[in-house]
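1. Pasting the sequence and the predicted model now:
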Amino acid sequence: MSGVVVTAALHDWLDGGPEPDRAARKAAVKESLAELARRAPGHSVEVRVPPFGAVQCIDGPRHTRGTPPNVVETDPRTWIALALGRTSWPDAVAGGSLRVSGSRAAEVAALLPVSGSRSDPPPRN
């Protein structure tokens, strides 16, 4: 991820290995969400990855009260896999680990992955 130190432990976790410590998971989620918001500034879609973070992104109408109409929500493991390009948007939706609501929420898919840091290990076959 651009500017994110992606450790081997995160990649191992995505391959079924042990869960990395909370600090590593939190940093990867927060930094990848920040990169998403940097790439697509705006307030039309809210991307939530509890318990570590949420951002608003994609240019358009600003939402200010109640539940936003366009929401993407997932767990940290799924988000990191999406951010690194290790899983696809359709697979995450079909598997039930990615919940998408609203007409603009799926626009986030076109912004993924947000990987590309020099510290990213090469893709595994």
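-> Received it, and whenever you're ready, just let me know what you need.
2. With adjacent residues omitted, what lies nearest to the most centrally placed residue in the chain?
-> For the chain, the residue sitting closest to the mean C-alpha position, by Cα atoms, centre = their mean, is residue 79 at 3.8 Å. When the adjacent residues along the chain are set aside, residue 79 lies closest to residue 49, with 4.5 Å between them (Cβ to Cβ, 6 or more residues apart in numbering). All C-beta atoms are positioned from the backbone trio N, CA, C, and that covers glycine.
3. the longest helix in this protein is where?
-> helix 22-39 (DSSP state H).
4. that older thread, tell me the contacts of the residue nearest to the centre of the chain?
-> 29, 32, 33, 49 (Cβ atoms under 8 Å, 6 or more residues apart in numbering).
5. Residue 59: which of those is nearest?
-> Residue 59 has its nearest neighbour among the contacts of residue 79 in residue 33, at 17.0 Å by Cβ to Cβ.
6. and the helix or strand of the chain with the lowest mean pLDDT, how far from the chain's centre?
-> Ranking every helix and strand in the chain by mean pLDDT, DSSP states H and E puts helix 8-14 at the bottom, with a mean of 91. Taking the mean of its C-alpha atoms, helix 8-14 sits 15 Å from the chain's own mean (Cα atoms, centre = their mean, to the nearest Å).
7. Strands of the protein, start to end?
-> 45-49, 53-57, 71-74, 98-101 (DSSP state E).
8. who's in contact with the third one?
-> For strand 71-74, the surrounding residues in contact (Cβ under 8 Å, 6+ apart) are 45-50, 82, 92, 97-102, 105, 108.
9. Done for today, thanks.
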